[in-house]
Structures are given as C-alpha cells and as structure tokens.
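Participant: this is a predicted model, with the sequence first.
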Amino acid sequence: MSNRILTVLFSLLLSSFACADEASIRAEFQKKYPQATVESITKTPYLGLYEMLVDGEVLYTDPDFTFLIVGSLIETKT
C-alpha cells in the first residue's frame, strides 16, 4: 500500500513541474496547424489530458503537446 501512495505522490510531483497550460498548448498547436481554429482548451480530470475543440472537432492532448488523440474519451467507471 505504501508503494502505491508513493507512486501517486511522485506522479503528482512530476505533473506539477509540467509547464503546460491552455495558452502554451494553444501556441504549440497553432505552430503546427496554423490553418485550424482552436475554439477552446480545457484541462480534464483524466490522466492530465487537455480537451481541445478545434474547428468543431474534439481532440485530446497531453500537457506537453506530444500526442493528439482524435475521437471519444470514455470513462468506464461510471
């Protein structure tokens, strides 16, 4: 049990060092896709992902804008 708590705390600590926020994600997205219109960016409560509404399509990205997920994110517990 204590290893699990340490893992969670370590993960939280690492995530606090990420410099991501909505503005930096928007800037990185616009560099790569200047023709697209970013309508909104919202941090989700899931895995540190950000939900982006781009030209009417929902995308998800990690805090460092390393990956884009196109499609639905389904939370299966509820």
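Facilitator: Good, I have the coordinates. Computed from a predicted model, the values in this text were never measured in an experiment. Numbering: from 1, shown residues only.
Participant: residues contacting stretch 53-68, please?
Facilitator: 15, 18, 20, 24-25, 28-29, 33, 36-41, 44, 48-52, 69-70, 72-73 (C-beta atoms under 8 Å, 6 or more residues apart in numbering). Every residue, glycine included, has its C-beta placed from N, CA and C.
Participant: among these, name the buried ones.
Facilitator: 20, 25, 29, 38, 41, 48-52 (16 or more other C-beta atoms under 10 Å).
Participant: show me these that map onto helices.
Facilitator: Secondary structure from DSSP state H places 25, 29 of these in helices.
Participant: distance to Pro63 and pLDDT for the buried ones among the contacts of stretch 53-68 - can I get that in TSV?
Facilitator: Below are those laid out as TSV (distance: C-beta to C-beta, whole Å; pLDDT from 0 to 100):
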residue	distance to Pro63	pLDDT
Ala20	3	65
Ile25	8	94
Phe29	13	94
Val38	16	96
Ile41	11	95
Gly48	6	89
Leu49	8	93
Tyr50	7	95
Glu51	12	94
Met52	12	95
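Participant: just the ones of the buried ones among the contacts of stretch 53-68 in strands?
Facilitator: Among the buried ones among the contacts of stretch 53-68, the members found in strands (DSSP state E) are 38, 41, 50-52.
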